[in-house]
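Undergrad: Curious how this folds, go ahead:
(one chain, ligands or ions: 1)
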Amino acid sequence: MNTIPLSRENMEALLRHLVLKQFNVKQISVRVTGLVGDNKILTGVKVRTVAEEDTEISADLVVDCTGVSQGGYHWLQDLYGSGNVEAKSLAAL
Ligand SMILES: Cc1cc2nc3c(=O)[nH]c(=O)nc-3n(C[C@H](O)[C@H](O)[C@H](O)COP(=O)(O)OP(=O)(O)OC[C@H]3O[C@@H](n4cnc5c(N)ncnc54)[C@H](O)[C@@H]3O)c2cc1C
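TA: Numbers count the residues shown, from 1 in each chain. As a prediction, the model looks like this:
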């Protein structure tokens, strides 16, 4: 068996490099501040640029990757009201 030793930091850098090589993947530097949608469907995210400008990005699919801060959960609460959003762990599904 062949083994390639790789630190976590280098593994992340390698994965990022490989993903960004895909022609249909683009990286942008913004901070997500909320979600856009109506009572049926999410249609995008609100973002703040590095120049502190607020704008929106439309999306067919929104994936929350904010880690332990659970940004998506809080933004769903902002959009639909805290009593209308329930969080479940993957293990509970
Ligand atoms: C000290 C320490 C040691 C650990 N050691 C290990 C270990 O040895 N093995 C292991 O398996 N796990 C370990 N973990 C846990 C591991 O780090 C996490 O499980 C993992 O990082 C979660 O990945 P993630 O992508 O879900 O979230 P994160 O790595 O937290 O990434 C979330 C990303 O979202 C970004 N983000 C947050 N809010 C916004 C926003 N509003 N707009 C745009 N971007 C945003 C953040 O900048 C960040 O880049 C450790 C954690 C800590 C703190």
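Undergrad: which other helices and strands contact the lengthiest helix in the chain?
TA: When the chain is parsed with DSSP state H, its longest helix is helix 8-20. Here helix 8-20 touches no other helix or strand, going by 3 or more CB pairs under 8 Å, 6 or more residues apart in numbering; DSSP states H and E. In short, each C-beta sits where N, CA and C put it, glycine included.
Undergrad: does any bit of it sit next to the ligand?
TA: No - with CB under 6 Å from any ligand atom as the criterion, the ligand is not reached by helix 8-20; the gap is at least 7.3 Å.
Undergrad: in that helix, what's buried?
TA: For helix 8-20, the neighbour count (16 or more other CB atoms under 10 Å) marks no residue as buried.
Undergrad: what sits up against that helix?
TA: Applying CB atoms under 8 Å, 6 or more residues apart in numbering, the external contacts of helix 8-20 come out as 6, 25, 27.
Undergrad: Ok, stretch 32-49 next?
TA: Around stretch 32-49, the neighbours that count as contacts under CB under 8 Å, 6+ apart are 29-31, 54-59, 62, 66, 71-72, 75-76, 78-80.
Undergrad: what's the answer for stretch 55-65, then?
TA: The set of residues that contact stretch 55-65 without belonging to it, under CB under 8 Å, 6+ apart, is 30, 35-36, 42-47, 49, 70-73.
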